[in-house]
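Colleague: please find the sequence and the predicted model below.
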Amino acid sequence: MGHHHGHGHGHGHSHGHSHTSNKKALFSAFLLIAAFMVVEVIGGFLTNSLALLSDAGHMLSDAAALGLSFFAIKLGEKAVSQEKTYGYKRFEIIAAALNGLTLIVISLFIFYEAIHRFFAPPEVQSTGMLIISVIGLLVNIVAAWILMSGDKDENLNVRSAFLHVIGDMLGSVGAIIAALLIMFFGWGIADPIASVIVAVLILISGWRVMKDSFHILMEGAPTQINSNDVKVALQKVPLVQEVHDLHIWTITSGYPVLSCHITIANNGIHDEILAQSQKILHDEFHIEHSTIQVEKAANGCPSPHGTCN
């Protein structure tokens, strides 16, 4: 009976490359958005536009999201220690959760402000509002393009930052439409309507990011890996009789981890079955970090909790 631990190193280079591109993308987008956010806050107060201020609020959360995401990746680079055996990689997910929470709080504040403006739409300087929103849209398009060069499909942190920017882009479109409606038709109410639309977008993206990060923090199985499929695949290995105590969870985005017990026939060769099992996990499920305990059927189950079945 043995307890073996396997870690594949096949994608070290590509992982390192996407890691560097994530860092560069996040930092460049952070500088761009933080700079324009200041312009939008000043413009929002000067033109008296809630749509601009709500977009600036979204940009503030964008800047915070991008800054926090960049900091999380930098922190994740810190070396593994005896106390923190996975290093600081999990902080990325905590950062994503904080981003999501911030988005929800900002959206509720915009709703509150917009309700007051529905009953008493104030004077809005539509020309200034239009110019600033158009520049805002261009800034967001550039930021989104920068983030697309990162690893947004694999990395929850980069994806949460990308969602912020897309929501922001739509917010700028809303502010442009509101400015045009005020300019040509004198519809002052278009300003709070545009800000409510922005708030709904912020709320949706905030909720999604919160849900995904909470799932990881609760050690939920990665959404792209079906634990039943993993079990079935491992049971197909010749001379494997049973797979139990199977746990799959995620340390941080793109870092799934597995542990399980495998019962093998008495004539099974421990190391061969272990190697085959880890190859299946790596090739079929992209699980590079696995700990597999292999036990002979004759020796019974060593689990103290009797969870062999």
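Modeller: Good, I have the coordinates.
Colleague: flag every buried residue along stretch 254-266.
Modeller: Along stretch 254-266, these residues count as buried under the neighbour rule (16 or more other Cβ atoms under 10 Å): Gly254, Tyr255, Pro256, Val257, Leu258, Cys260, His261, Ile262, Thr263, Ile264. C-beta coordinates here come from the backbone N, C-alpha and C atoms, glycine included.
Colleague: let's verify the fourth one: helix, strand, or coil?
Modeller: Of the three states, Val257 takes strand under DSSP: H, G, I helix; E, B strand; the rest coil.
Colleague: my read is that it contacts Leu246, right?
Modeller: No: using Cβ atoms under 8 Å, Val257 is not in contact with Leu246, being 12.0 Å away.
Colleague: for the stretch 1-150 of the chain, what spans make up the helices?
Modeller: Taking DSSP state H, counting those that start in this stretch as the test, the helices found in the stretch 1-150 of the chain are 12-47, 50-76, 91-119, 126-148.
Colleague: same question, the stretch 151-300 of the chain
Modeller: Shown for the stretch 151-300 of the chain, the helices assigned by DSSP H, counting those that start in this stretch span residues 156-185, 190-217, 227-235, 270-285.
Colleague: which stretch among the helices of the stretch 1-150 of the chain is buried most, on average?
Modeller: Per-stretch averages of neighbours, counted by mean count of other Cβ atoms under 10 Å, single out helix 50-76 among those, with a mean of 25.
Colleague: and the angle for it with helix 91-119?
Modeller: 170 degrees (axes from the mean of the first three to the mean of the last three Cα atoms, to 10 degrees).
Colleague: contacts only, for Glu284.
Modeller: Ala233 (Cβ atoms under 8 Å, 6 or more residues apart in numbering).
Colleague: ok, it to Asp229 distance?
Modeller: As judged by Cβ to Cβ, to the nearest Å, Glu284 and Asp229 stand 8 Å apart.
Colleague: repeat that for Leu60.
Modeller: Taking Cβ to Cβ as the criterion, Leu60 is separated from Asp229 by 43 Å.
Colleague: tell me the strands beside the longest strand along the chain, with direction?
Modeller: With DSSP state E applied, the strand covering the greatest number of residues in the chain is identified as strand 240-250. Strands that pair with strand 240-250, judged by DSSP bridges, come out as strand 256-264 (antiparallel).
Colleague: alpha carbons of the strand it pairs with, as PDB, please.
Modeller: Output in PDB follows, covering the C-alpha atoms of strand 256-264 (Å, rounded to 0.1, in the frame of the first residue of the first chain):
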ATOM      1  CA  PRO A 256      -7.300  22.300 -10.000                       C
ATOM      2  CA  VAL A 257      -6.100  19.800  -7.300                       C
ATOM      3  CA  LEU A 258      -7.300  16.200  -6.800                       C
ATOM      4  CA  SER A 259      -6.900  13.600  -4.000                       C
ATOM      5  CA  CYS A 260      -8.400  10.100  -3.900                       C
ATOM      6  CA  HIS A 261      -7.900   6.500  -2.800                       C
ATOM      7  CA  ILE A 262      -7.700   3.700  -5.400                       C
ATOM      8  CA  THR A 263      -8.200   0.100  -4.500                       C
ATOM      9  CA  ILE A 264      -6.400  -2.300  -6.800                       C
END
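Colleague: and the angle from that strand to helix 270-285?
Modeller: 140 degrees.
Colleague: contact partners for the closest residue to Ala144 other than its chain neighbours?
Modeller: Computed as Cβ to Cβ, 6 or more residues apart in numbering, the closest residue to Ala144 that is not its neighbour in sequence is Val165, at 4.8 Å. Applying Cβ under 8 Å, 6+ apart, we find Val165 in contact with Ala29, Ile33, Asp62, Asn140, Ala143, Ala144, Leu147.
Colleague: can I get the residues you listed in TSV with pLDDT and distance to Ile42?
Modeller: Formatted as TSV, those follow (pLDDT from 0 to 100; distance: Cβ to Cβ, whole Å):
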residue	pLDDT	distance to Ile42
Ala29	85	21
Ile33	86	15
Asp62	76	17
Asn140	88	18
Ala143	88	19
Ala144	87	23
Leu147	82	25
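Colleague: many thanks, we can stop here.
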